[in-house]
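K.L.:
no sequence for this one, just the structure:
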């Protein structure tokens, strides 16, 4: 098992269905061991280097937590740049799955060439917005990016999304409110993304893996402080729940109120079709937010309420869900306690949304295995996973 760990999933089949599913996240809790004693100013950069999966989201959550704990105010410019870097990271991460994994899920070839274009745009975006690498430094001197250059990169990204993903402008895709229109788009557009959606229809898997797991609510700082300073903190970080209930933090949870999702959910429940559609809607929405932020300044920093002295919280909506960091500093402004609660631990909880979805699958062995892989990718563990299928 590497630094990031992995997720182990096993299915026990019987009578043309899943009799039992077991989901186990094997991700080591590294933050405390790696960051204890580190100077507060150095912690966010170290977090971004060590936790390189969604590194911008990790560094953003870290610097917000450190700023709160140290009493350092975030500047408007720093908040704006962080938000834009996190948006581009979310877009890149969704496109990574869409370009490289989604084609394979329907027996096609990964689009490596398109992903190379995405990675080049991602590098250009970072160089434009944070050339001096100040965005995630405590009290860093963040300068506003050149709007003309940033707008040019955003325009190239919008064109890529239009021509290779949505086959219409992202704004037009996000404005789609009707299931009939959406399914016709999937049926008659002979390209990667719509053809994956169409394959769900052809196989009759639109409703596969239906669940009613609730979306993760906003955190109450007093509750977080209580649970993460208790003797049960480690258990919570590994298998988080609220009053014994598990929740999901996924693109579906964030897009559940979109009219298209509402209509699809009424027809098919929260199954494969709804979950893959939510990823596409989130991709379009994040691009629109990125574009909008270029036109008007962002003034609100993503701070999680108020916290006790020398304690700070940072929460960021990353590609796979909500990422939470908590830090406690000592009197010398060094890290005394560092804790991370990752979205994988909510979504891949042993009694969480994936387990419940998997136990609803029906069909022969090959069909169930295909549906299971689709569900796993729709929820995206962000680390490697192993799927084992056996028979009772």
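P.N.:
Looks like it came in fine. Predicted, not measured: the structure shown is a model, and the values here were computed from it.

K.L.:
so where is this structure shaky, pLDDT-wise?
P.N.:
1-4, 298-305 (pLDDT under 70).

K.L.:
Could you pick out the longest helix of it?
P.N.:
Secondary structure of the chain per DSSP state H: the longest helix is helix 272-295.

K.L.:
Who are the packing partners of that helix?
P.N.:
Under the contact definition 3 or more CB pairs under 8 Å, 6 or more residues apart in numbering; DSSP states H and E, helix 272-295 sits against helix 76-96, helix 147-161, helix 170-174, helix 192-202, helix 251-255, helix 259-268, helix 365-379. Using the backbone N, CA and C atoms, a C-beta is placed for each residue, glycine as well.

K.L.:
Next, the angle from the helix or strand following the third one to helix 259-268.
P.N.:
Looking back up the chat, that one is helix 170-174. Next helix or strand after helix 170-174 toward the C-terminus (DSSP states H and E): helix 179-188. Counting by axes from the mean of the first three to the mean of the last three CA atoms, to 10 degrees, helix 179-188 lies at 90 degrees to helix 259-268.

K.L.:
If you count neighbours, what's buried in helix 179-188?
P.N.:
Buried residues in helix 179-188, counted by 16 or more other CB atoms under 10 Å: 179, 182-183, 185-186.

K.L.:
tilt between that helix and helix 192-202?
P.N.:
110 degrees.

K.L.:
Where does residue 69 fall, secondary structure wise?
P.N.:
Residue-wise, residue 69 maps onto helix 55-70 under DSSP H and E.

K.L.:
And that helix, what does it pack against?
P.N.:
helix 43-50, helix 76-96, strand 311-318, strand 321-329.

K.L.:
ok, residue 383 - contacts?
P.N.:
Residue 383 is in contact with 4-7, 27, 53, 344, counting by CB atoms under 8 Å, 6 or more residues apart in numbering.

K.L.:
Please read the previous query as pertaining to residue 209.
P.N.:
So residue 209 contacts 271-272, 275, 357-358, 360-361, 371, 375 (CB under 8 Å, 6+ apart).

K.L.:
now the helices and strands packed on helix 55-70 as JSON lines including distance to residue 231 and mean neighbour count?
P.N.:
JSON lines is the format used below for the helices and strands packed on helix 55-70 (distance: least, CB to CB, whole Å; neighbours: other CB atoms under 10 Å):
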{"stretch": "helix 43-50", "distance to residue 231": "25", "mean neighbour count": "20"}
{"stretch": "helix 76-96", "distance to residue 231": "33", "mean neighbour count": "22"}
{"stretch": "strand 311-318", "distance to residue 231": "17", "mean neighbour count": "24"}
{"stretch": "strand 321-329", "distance to residue 231": "16", "mean neighbour count": "25"}
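
K.L.:
can I get those in TSV with distance to residue 259?
P.N.:
Shown next, in TSV, are the helices and strands packed on helix 55-70 (distance: least, CB to CB, whole Å):
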stretch	distance to residue 259
helix 43-50	37
helix 76-96	21
strand 311-318	21
strand 321-329	23
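
K.L.:
wait, which of the ones you listed is closest to residue 217?
P.N.:
strand 321-329 (10.1 Å; CB to CB).

K.L.:
what's the angle from that closest one to helix 365-379?
P.N.:
50 degrees.

K.L.:
and strand 321-329, which strands flank it?
P.N.:
Applying DSSP bridges to the sheet, strand 321-329 is found paired with strand 311-318 (antiparallel), strand 335-341 (antiparallel).

K.L.:
Looking at these, spot the one closest to residue 90.
P.N.:
That would be strand 311-318 among those, by CB to CB, at 6.7 Å.

K.L.:
got the angle between the closest one and helix 76-96?
P.N.:
Using the same axes, to 10 degrees: strand 311-318 against helix 76-96 is 40 degrees.

K.L.:
gap between strand 311-318 and the chain center?
P.N.:
With CA atoms, centre = their mean, to the nearest Å as the basis, strand 311-318 stands 14 Å off its chain's centre.

K.L.:
Could you do stretch 358-366 as well?
P.N.:
The answer for stretch 358-366 is 26 Å, by CA atoms, centre = their mean.

K.L.:
can you list contacts of it?
P.N.:
9, 11, 13, 16-21, 23, 208-211, 368, 371-372, 375, 389, 391.

K.L.:
mind listing what's buried in that stretch?
P.N.:
Going by 16+ other CB under 10 Å, stretch 358-366 has these buried residues: 358-361, 363.

K.L.:
measure that stretch end to end?
P.N.:
Start and end residues of stretch 358-366 are separated by 14 Å (CA to CA, to the nearest Å).

K.L.:
again, but for stretch 166-179
P.N.:
16 Å.

K.L.:
Contacts for that stretch next, please.
P.N.:
Contacts of stretch 166-179 (CB under 8 Å, 6+ apart): 158, 161-162, 182, 185, 189, 191, 193-194, 259-260, 263-264, 267, 280-281, 283-285, 287-288.

K.L.:
what do you get if the cut-off is 7 Å, keeping everything else the same?
P.N.:
Residues outside stretch 166-179 that contact it (CB atoms under 7 Å, 6 or more residues apart in numbering) are 158, 161-162, 182, 189, 191, 259-260, 263-264, 267, 281, 284-285, 287-288.

K.L.:
can you check stretch 230-245 too?
P.N.:
Taking CB under 7 Å, 6+ apart as the rule, stretch 230-245 contacts 29, 227-228, 339, 341, 345-346, 349-350.

K.L.:
Try it again at 10 Å.
P.N.:
24-29, 31-32, 213-214, 216-217, 219-220, 223-224, 226-228, 246-247, 249, 324, 326, 337, 339-343, 345-346, 348-352 (CB atoms under 10 Å, 6 or more residues apart in numbering).

K.L.:
wait, what's in contact with the closest residue to residue 63 other than its chain neighbours?
P.N.:
With sequence-adjacent residues excluded and distances taken as CB to CB, 6 or more residues apart in numbering, residue 63 is closest to residue 44, at 4.0 Å. Taking CB under 10 Å, 6+ apart, we find residue 44 in contact with 58-67, 135-138, 140, 314, 325, 327.
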